[in-house]
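[1] Below is the structure, and that's it, no one-letter string:
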């Protein structure tokens, strides 16, 4: 089975996930209570033991939904329970069956099971507090970036208003050089304010992508790992309880063996799979920020790249380039360390112990540092990217001005400076970026060497690359590998979204078009959230991603295969549907235990 990832499957799901995690951590107290009370009841023999089991059946019944799928699932689980709760149910049932066989095991249950459960609960709570701290920082940072955009917009509007006021005064005093010069100054200030506003917008959009597609998913995966570690350790503790009982009374050995079998079936990922399945929503990414022109000063979303505004951008580019190099190396170093720590944790596997929290907390600490450093890297990356993109082929060399000492010859120097552009030509103050310019834009958040999640499975469903789509807008091919489409045209999807572009078969031929120009109308075999490898730069807005839902049927009767294209099914089997009976032939294609084939549609029911 493909590796599951809450961060990839559930978008912007920190709140429901942390509630689910806390529910299961708090549930450890119930398990601990069970064993501690059972230790006392063991001394009073079977009657008290049966009473305890009944009480915990009632507790489990009330908590079943919240422990299995969280407090507010998108799909109610009905009578289904998580694998851990199935294990818990089996354990209670077997305990009732052997109640009359129990002897005095109170001390061993208290010291070897109860204490470790509370120790596990405390360590899990420490890790949750650490993730809450990181999430609080991310939320605050996200709010701060949004406030920066709002503030920049207000400042820009004020500058536009001031410029308009200066223009009106200049019109009333058309012959005055003073008002003309003041208007020119106000226009420069307004343009600088616009540049600042656009930079804030682009930075906010990039950080938004980073927040939703990297930071929060990564944090959710750590919570998932914590939950799976908790399940693994609870499994071990429950097995230990079984061993204690076996040594005390061989007569209950067979019944306790049933508990062991259920524990072995309780794989750490099973609870996660059920939680994901019942909490998948049609999540939509928040809209990107975009440039809103002033109502009194009409303008577009292009940076102002004429002098003197260009000099300000050059200076800003120079500073951003220096900062980017520093944060780039820092992020690479931290990322390598984080990957090494993650690899070390994965090596533990079944050897996981109650000391698991040390490595997990260490990785979270490194992750927090990476998130902060990477945020700064992205900020500088965006500044470099937008300035270089709008500047085109212009020389972005920055020459720092030199302040001259005041003297009685000041007016002479001013005149000379004016003739030379007002900028000193000292070579030592020249900073050029011409050698670092490339023909490609910098990497998008979620791709490239800084992506923590590039090796993680994006979805639990896979399929071939086919499907239908409708063109929403007209697009004219701009390269040999692209194709043209017209609004409303029906096209065939040949390959899913890669870096914002989708390969289709259209009336004009086979080629790439921007994914944002399409509406996927049929994608039974398309996993739009399959792992992306950038092919070329796509639209500025990242494509929406979603995973295909798998449908299942349950066998009502036994059926024996009568040909190579058929499969044998038994009543109660849960079968994955690969091709529904859409042609009315009476046969459905499905997969069971790795075997794929057809079976009678009337022998199964949808679930």
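    In hand now; what should we look at? If you're wondering where the values come from, they're calculated on a predicted model, not measured in any experiment.

[2] Report the buried residues of stretch 559-574.
    Residues 559, 566, 567, 568, 569, 573 are the ones in stretch 559-574 that count as buried (16 or more other C-beta atoms under 10 Å). C-betas here are computed from N, CA, C, even on glycine.

[3] Sorry, wrong one. I was asking about stretch 256-275.
    Neighbour-count burial for stretch 256-275, counted by 16+ other C-beta under 10 Å, picks out 256, 259, 262-263, 266, 268-275.

[4] Tell me the one of the buried residues of stretch 559-574 nearest residue 150?
    residue 573 (57.0 Å; C-beta to C-beta).

[5] Which of the buried residues of stretch 559-574 sits closest to residue 286?
    Using C-beta to C-beta, residue 573 comes nearest to residue 286 of these, at 42.5 Å.

[6] Identify the residue spatially nearest to the closest one, adjacent ones excluded.
    residue 555 (4.3 Å; C-beta to C-beta, 6 or more residues apart in numbering).

[7] how close does that neighbour sit to residue 290?
    Remark: distance between residue 555 and residue 290 (C-beta to C-beta, to the nearest Å) = 53 Å.

[8] The two: which is more packed in?
    Per other C-beta atoms under 10 Å, whichever of residue 555 and residue 290 has more neighbours is residue 555, with 21 against 11.

[9] Quick check: bridge partners of that one?
    On the basis of DSSP bridges, residue 555 is bridged to residue 604.

[10] From residue 599, how far off is it?
    As defined by C-beta to C-beta, residue 555 lies at a distance of 8 Å from residue 599.

[11] cool, and residue 198?
    Separation of residue 198 from residue 599 (C-beta to C-beta): 60 Å.

[12] what's the neighbour count on residue 303?
    Residue 303 has 18 neighbours, counted by other C-beta under 10 Å.

[13] picking that back up, any common contacting residues for residue 555 and residue 599?
    Both residue 555 and residue 599 are in contact with 569, 575, where contact means C-beta atoms under 8 Å, 6 or more residues apart in numbering.

[14] Output the below-cut-off pLDDT ranges for this structure.
    By pLDDT under 70, the weakly predicted segments of the chain are 1-2, 103-104, 401-466, 498-500, 522-550.

[15] Quickly list the domain ranges of it.
    For the chain, automatic domain parsing gives the domain ranges 6-129+221-277, 169-213+284-436, 459-545, 552-606.

[16] Helices of the stretch 101-250 of the chain, residue ranges please.
    Along the stretch 101-250 of the chain, counting by DSSP state H, counting those that start in this stretch, helices occupy 106-109, 115-172, 177-210, 216-248.

[17] out of these, which comes closest to residue 98?
    Proximity to residue 98 (C-beta to C-beta) singles out helix 216-248 among these, at 7.7 Å.

[18] how big is the angle separating that closest one from helix 177-210?
    20 degrees (axes from the mean of the first three to the mean of the last three C-alpha atoms, to 10 degrees).

[19] Narrow the buried residues of stretch 256-275 to those in helices?
    256, 259, 262, 263, 268, 269, 270, 271, 272, 273, 274, 275 (DSSP state H).

[20] Am I right that the fifth one is in contact with residue 233?
    No: assessed by C-beta atoms under 8 Å, residue 268 is found out of contact with residue 233, at 9.6 Å.

[21] circling back to that earlier point, which among the domains of the chain is found nearest to residue 159?
    Comparison of those against residue 159 by C-beta to C-beta identifies domain 169-213+284-436 as nearest, at 4.0 Å.

[22] follow-up on the earlier one: out of the buried residues of stretch 559-574, who's nearest residue 43?
    Using C-beta to C-beta, residue 573 is the member of the buried residues of stretch 559-574 that lies nearest residue 43, at 45.9 Å.

[23] Wait, the closest one touches residue 554, no?
    Yes: with contact defined as C-beta under 8 Å, residue 573 counts as touching residue 554 (7.0 Å).

[24] got the contact list for residue 294?
    156, 157, 160, 161.

[25] likewise residue 604?
    553, 554, 555, 556, 569, 575, 588.

[26] Could you identify the buried members of those?
    For these, a burial check counting by 16+ other C-beta under 10 Å picks out 553, 555, 569, 575, 588.

[27] For the helix or strand hosting residue 317, list every residue counted as buried.
    Taking DSSP states H and E as the definition, residue 317 sits inside helix 309-348. Neighbour-count burial for helix 309-348, counted by 16+ other C-beta under 10 Å, picks out 309-310, 312-314, 316-318, 320-321, 323-324, 327-328, 330-331, 334-335, 338, 341-342, 345.

[28] Helix 216-248 and that one, what's the angle between them?
    Angle, helix 309-348 to helix 216-248, by the same axes, to 10 degrees: 10 degrees.

[29] separation between residue 552 and residue 277?
    11 Å.

[30] neighbour-wise, which of these two wins?
    Shown here are residue 552 and residue 277; by other C-beta under 10 Å, residue 277 has more neighbours (18 against 12).

[31] What residues does the nearest residue to that one once chain neighbours are set aside make contact with?
    Nearest non-adjacent residue to residue 277, counting by C-beta to C-beta, 6+ apart: residue 75, 7.4 Å away. Contacts for residue 75 (C-beta under 8 Å, 6+ apart) come out as 69, 277, 278, 279, 280.
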